[in-house]
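**Student:** here's my sequence, what's the structure:
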Amino acid sequence: MEKAPGHYSDCHGCSLCNLVCPVWQTTHDITLTPKGRARALQHEATAAELKNSTATCTLCGACNLVCPQRIDSFDIVLDLRRQILQSDR
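**Tutor:** Just a heads-up that it's a prediction; the model follows:
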């Protein structure tokens with residue numbers, strides 16, 4: 001039986017996502033990475049506080065492929081972007 005995708009709260013900080021993240025490779029700014037977003041959300045950051053981080057994500061999906069916890073960072077970014085759009089209206 002296949003394990004269901006993980007939630008950001010499942011992130012243990014292994015940083016495998018950063019190794020494949022084009023934003024990390026360019027900026028070396030942890031706040032702009034899947035790991036950075038997961039950690040911020042674990043500490044109750046709001047979508048608005050992650051606006052810059054979600055805007056810089058390329059949605060390449062590479063992080064999803066390497067995450068041992070099967071965290072769907074792609075969907076997390078899309079959800080955060082939806083929340084930001086709704087709050088901006």
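**Student:** endpoint to endpoint, stretch 15-28 covers what distance?
**Tutor:** 12 Å (Cα to Cα, to the nearest Å).
**Student:** next one: stretch 28-36
**Tutor:** First residue to last in stretch 28-36 (Cα to Cα) measures 11 Å.
**Student:** what residues sit buried inside that stretch?
**Tutor:** 31-36 (16 or more other Cβ atoms under 10 Å). Heads up, the C-betas are built off the backbone N, CA and C, glycines and all.
**Student:** between those residues, which sits nearest Q25?
**Tutor:** Using Cβ to Cβ, T33 is the member of these that sits closest to Q25, with 9.9 Å.
**Student:** the closest one reaches V23, doesn't it?
**Tutor:** Yes - because the distance of 6.4 Å satisfies Cβ atoms under 8 Å, T33 is recorded as touching V23.
**Student:** how far is stretch 43-61 from where the chain is centred?
**Tutor:** Centroid separation for stretch 43-61 versus its chain: 7 Å, with Cα atoms, centre = their mean, to the nearest Å.
**Student:** and stretch 39-56, by the same measure?
**Tutor:** Per Cα atoms, centre = their mean, the centroid offset for stretch 39-56 relative to its chain is 9 Å.
**Student:** now it: buried residues?
**Tutor:** Applying 16+ other Cβ under 10 Å to stretch 39-56 flags 39-41, 45, 47, 50-51, 53-54, 56 as buried.
**Student:** show me where this protein has strands.
**Tutor:** Assigned by DSSP state E, the chain shows no strands.
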